[in-house]
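> What shape does this take:
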Amino acid sequence: MRLIDSHTHLDFPDFDADRGELLARCRAQGVERLVVLGVYQGNWQRLWDLVQGDAGLYAAFGLHPAYLDQHRPEHLRELRDWLERLAGHARLCAVGEFGLDYFLEQLDRERQQTLFEAQLDLAAEFELPVLLHVRRAHAPTIATLKRFRLKRAGIIHAFAGSHEEAREYLKLGFRLGLGGAPTWPQAKRLRRVVGQLPLDAVVLETDSPDMAPAMHPNQRNSPEYLPEICTELARLMGVDAEQLADASSRNARQLFGWKY
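Presented below is the predicted three-dimensional model:
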């Protein structure tokens with residue numbers, strides 16, 4: 001089984017004690033490539049340094065809505081500078097993580113929308129795919145994406161919407177990121193939606209260190225759990241685990257422009 005983890009936060013301090021050993025275990029289990037996503041200006045350099053030190057790691061830079069109160073206008077300018085400086089670099093694969101979060105009620109929705117659209121503009125300018133955080137905000141996200149019509153689309157991270165919302169994203173060229181959430185038996189609606197998805201709609205992810213799967217509850221999530229996640233999601237989709245692994249990795253390679 002050869003896998004790509006399309007969404008990790010491997011730069012977080014949660015992994016400082018054993019990051020090298022963890023990556024070795026990942027490779028032994030077939031997790032060959034991992035995307036590491038920036039979430040605020042202060043972690044971009046740390047993330048880039050990490051990615052430069054391992055041939056299987058790729059970077060995305062963004063301003064996450066959960067850190068809205070930390071973001072400053074100059075951080076958008078710095079994000080553009082990073083994207084311009086690294087334009088065409090093989091290790092830069094996307095803009096993200098960013099998006100809309102209506103679950104956290106303290107986050108101003110107008111400010112979120114402004115920041116969301118500014119980063120979509122940057123993705124369009126640099127012709128990069130986007131890695132989107134969408135929590136209880138599918139309707140405004142879809143409406144915004146219909147206006148922007150991005151050339152390279154991207155991934156809806158940790159997709160947990162309805163079948164109808166999935167279809168809308170797919171029509172816009174997006175892939176749906178699936179990880180630990182659908183492995184939980186109590187996620188009945190999401191499991192039904194996942195069971196209806198075509199193979200070309202899906203990319204696999206872990207969101208490590210968050211969103212641990214049901215088989216590893218109450219602990220740090222890890223990219224090394226991706227094969228188990230793949231096996232459970234394949235069962236929900238009624239396909240062989242190798243089929244899902246091949247399809248999700250192919251979808252990720254197409255999205256990020258990787259030839260192999």
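> which strands and helices sit next to the longest strand along the chain?
Counting by DSSP state E, the longest strand found in the chain is strand 92-101. Helices and strands touching strand 92-101, by 3 or more Cβ pairs under 8 Å, 6 or more residues apart in numbering; DSSP states H and E, are strand 31-37, strand 57-61, helix 73-85, helix 109-126, strand 130-135, helix 138-148, strand 154-157. C-beta here means a position set from N, CA and C on the backbone, and glycine is covered the same way.
> Return the most buried member of these.
strand 154-157 (a mean of 28; mean count of other Cβ atoms under 10 Å).
> buried residues in the next helix or strand after that strand?
From strand 154-157 onward toward the C-terminus, using DSSP states H and E, the following helix or strand is helix 163-171. If you call a residue buried by 16 or more other Cβ atoms under 10 Å, then helix 163-171 has these buried ones: 165-166, 168-170.
> And those, which is closest to A87?
Closest to A87 out of the buried residues of helix 163-171 is Y169 (26.5 Å), distances taken as Cβ to Cβ.
> Leaving out sequence neighbours, find the closest residue to the closest one.
Leaving aside its sequence neighbours, Y169 sits nearest to I156 (Cβ to Cβ, 6 or more residues apart in numbering; 5.3 Å).
> quick one: contacts for that neighbour?
132, 134, 141, 169, 174-177 (Cβ atoms under 8 Å, 6 or more residues apart in numbering).
> Could you pull up the contacting residues of the closest residue to A123 other than its chain neighbours?
By the measure of Cβ to Cβ, 6+ apart, the closest residue to A123 outside its immediate chain neighbours is V95, 4.4 Å from it. Contact analysis of V95 by Cβ under 8 Å, 6+ apart lists 60-62, 79, 83, 119, 122-123, 126, 128-131.
> Give the bridge partners for the residue nearest to Y169, please.
For I156, the beta-bridge partners under DSSP bridges are L132, L176.
> Mind listing what's buried along the strand or helix carrying R253?
Using DSSP H and E, R253 sits in helix 241-256. Within helix 241-256, the residues that count as buried by 16+ other Cβ under 10 Å are 241, 244-249, 251-252, 255-256.
> With distance to S6 and pLDDT as extra columns, can I get those in JSON lines?
Below are these laid out as JSON lines (distance: Cβ to Cβ, whole Å; pLDDT from 0 to 100):
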{"residue": "A241", "distance to S6": "17", "pLDDT": "98"}
{"residue": "L244", "distance to S6": "13", "pLDDT": "98"}
{"residue": "A245", "distance to S6": "13", "pLDDT": "98"}
{"residue": "D246", "distance to S6": "15", "pLDDT": "98"}
{"residue": "A247", "distance to S6": "13", "pLDDT": "98"}
{"residue": "S248", "distance to S6": "8", "pLDDT": "98"}
{"residue": "S249", "distance to S6": "9", "pLDDT": "98"}
{"residue": "N251", "distance to S6": "9", "pLDDT": "98"}
{"residue": "A252", "distance to S6": "5", "pLDDT": "98"}
{"residue": "L255", "distance to S6": "8", "pLDDT": "98"}
{"residue": "F256", "distance to S6": "8", "pLDDT": "98"}
